[in-house]
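Colleague: missing the sequence, but the structure's below:
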DNA sequence: CCTCGATAGTTGCAATTGAAACTATACTCG
DNA sequence: CGAGTATAGTTTCAATTGCAACTATCGAGG
C-alpha cells in the first residue's frame, strides 16, 4: 500500500524478462508456426539439431532447458512429420541419436534467416556498446543461475 | 549443417531470455507457491494490486501482459481465497474495481521482501555499471516491442 | 432514442503442459 | 555374476492454458 514497500513490477527483473521473453517467443513463432506447422518446442528441438548432429533427447533437454516430457513429445511429432531421424545408439540402447532429415534441414535452413532477421530487428534498438553490455549481463545472469554451465560436447 | 549457417542457440537473444525468464519465475515461485498456495498468475495479479488500488482486470492484463482469461481465472481464485475484493465500477458496470483485502495485503507484504531479496541475489552477479547497462538495454527492447508504452494511470 | 459496433469479463472446449509412475537398459559394488 | 541403483525415454493423468464463443454493458451515429 505505502509506496515505500510497494514492489515496482515494471522495474522487477524476473518480471521484465518474463514479459520480454514471452513476447519474443510469440512473435517469433508467428514466423514459422503456421507456415511449417511446428510449435515452439519443436522449433527448439530443430534448432539444437541444426547445430549438433547425432545427439540424445537428453542433450536437447539440457540445451533448451525444456522438460524431458516436452522434448519427448516434440521429437515424436517431428518424427511423424519426417523432419527427424532417430536411431538407437550402438553403445547405449536406452539412448537414441537424433538428427534432422533432409526435409528437416530444409526447414531449419528456411527458418534460421527469419529468426536472425527478427533478432536483428530487436537489436537495432541498441547501439553497439549497449549490445555488448547486454551480452555480458545475460552471461553473468546465466552463470549465476547455472545455465549453459555444462556443455557436454555431444554425448 | 554447415557452421556458417547454423544458428547458435546459446547466443540467440529470444532463446536466452526465454531460458532466463522461465528459470527465474520458477525459482521465485518456490518462495511463495506452497507457502501461500498461490500460482504465478495469481502472484502477478497481487503484485499489480499492491501497486495500484482499484483498477480493472483489464488494467491488470495490460500491466502483466497476461491473457485476459488467465487474469480472470487468477482473480476468481484470489476472490475465493479472500485475498481480493471486487466491486462494480459505478461509472461502467462492465468493469469491476479490484483491490487487495487486508489478508491480501498481508500476503503481498510477506512476499515482496522475498522477491526483492531474490532479485538482489541475481543482481549481485553484476557490478553497478553492468546493472545500469542492463536496465537501459531492457528498456530499449521493451520500447521496441511496445511494452509498457501505455500507462493509463489507473482507469 | 435505438440500433450497431466496440469493450469487459466469463465460460466451453480442445490442446499443451508437467509431475509421477513406468519400462527398459546400463552401471556399480560386493 | 547378481542385486541394487541410476539413467533414457515414454505414458498416464490431472492441471493449466488460450482461442473462440458468449453475455452484458457501453457509446456513437442515424
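Modeller: Thanks, I have the structure now. Owing to the predicted nature of the structure, the values given are computational and were not obtained by experimental measurement.
Colleague: remind me which residues of chain A are low pLDDT?
Modeller: A:1-4, A:148-155 (pLDDT under 70).
Colleague: SS state for the residue nearest the centre of chain A?
Modeller: Nearest to the geometric centre of chain A sits residue A:44, at 4.4 Å (CA atoms, centre = their mean). Here residue A:44 takes the helix state, with states given by DSSP: H, G, I helix; E, B strand; the rest coil.
Colleague: which residues are contacting the host helix or strand of residue A:116?
Modeller: Following DSSP states H and E, the helix or strand that holds residue A:116 is helix A:102-123. For helix A:102-123, contacts defined as CB atoms under 8 Å, 6 or more residues apart in numbering or on different chains pick out A:24, A:27-28, A:31-32, A:36, A:38, A:43, A:46-47, A:49-50, A:78, A:82-85, A:100, A:131, B:1, B:5-7, B:12-14, B:141, B:144-145. All C-beta spots, glycine's among them, are computed from the backbone N, C-alpha and C.
Colleague: do the same with stretch A:73-87
Modeller: A:37-39, A:41-42, A:44-46, A:49, A:57, A:60, A:66, A:96-101, A:103-104, A:107.
Colleague: try stretch A:28-39
Modeller: Under CB under 8 Å, 6+ apart, the answer for stretch A:28-39 is A:40, A:43, A:46, A:74, A:77-78, A:81, A:83, A:107, A:110-111, A:114-115, A:118, B:14.
Colleague: same for DNA strand C: which of the residues you listed are within range?
Modeller: Subset of these in contact with DNA strand C: residue A:40, counting by CB under 7 Å from any atom of the strand.
Colleague: State whether residue A:98 is indeed within a strand.
Modeller: Yes - assessed with three-state DSSP, residue A:98 lies in a strand.
Colleague: bridging residues for it?
Modeller: residue A:55, residue A:86 (DSSP bridges).
Colleague: what's near enough to touch it?
Modeller: A:45, A:49, A:54, A:55, A:56, A:57, A:60, A:75, A:84, A:85, A:86.
Colleague: repeat that with 7 Å
Modeller: Residues counted as contacts of residue A:98 (CB atoms under 7 Å, 6 or more residues apart in numbering or on different chains) are A:49, A:55, A:57, A:75, A:84, A:86.
Colleague: and what of residue A:57?
Modeller: A:68, A:71, A:72, A:75, A:96, A:98.
Colleague: Can you flag the buried ones in those?
Modeller: Among the contacts of residue A:57, the ones that count as buried by 16 or more other CB atoms under 10 Å in any protein chain shown are A:71, A:75, A:96, A:98.
Colleague: Residue A:51 and chain B: what is the separation?
Modeller: 5 Å (CB to the nearest CB, to the nearest Å).
Colleague: what separates that residue from DNA strand D, distance-wise?
Modeller: 17 Å (CB to the nearest atom of the strand, to the nearest Å).
Colleague: Setting the sequence-adjacent residues aside, check what's closest to that residue.
Modeller: Excluding the flanking residues, the one nearest residue A:51 by CB to CB, 6 or more residues apart in numbering or on different chains is residue B:6, at 4.9 Å.
Colleague: Could you pull out the buried residues of the helix holding residue A:116?
Modeller: Result for helix A:102-123 [16+ other CB under 10 Å]: buried residues A:104, A:105, A:107, A:108, A:111, A:112, A:115, A:118, A:119, A:122, A:123.
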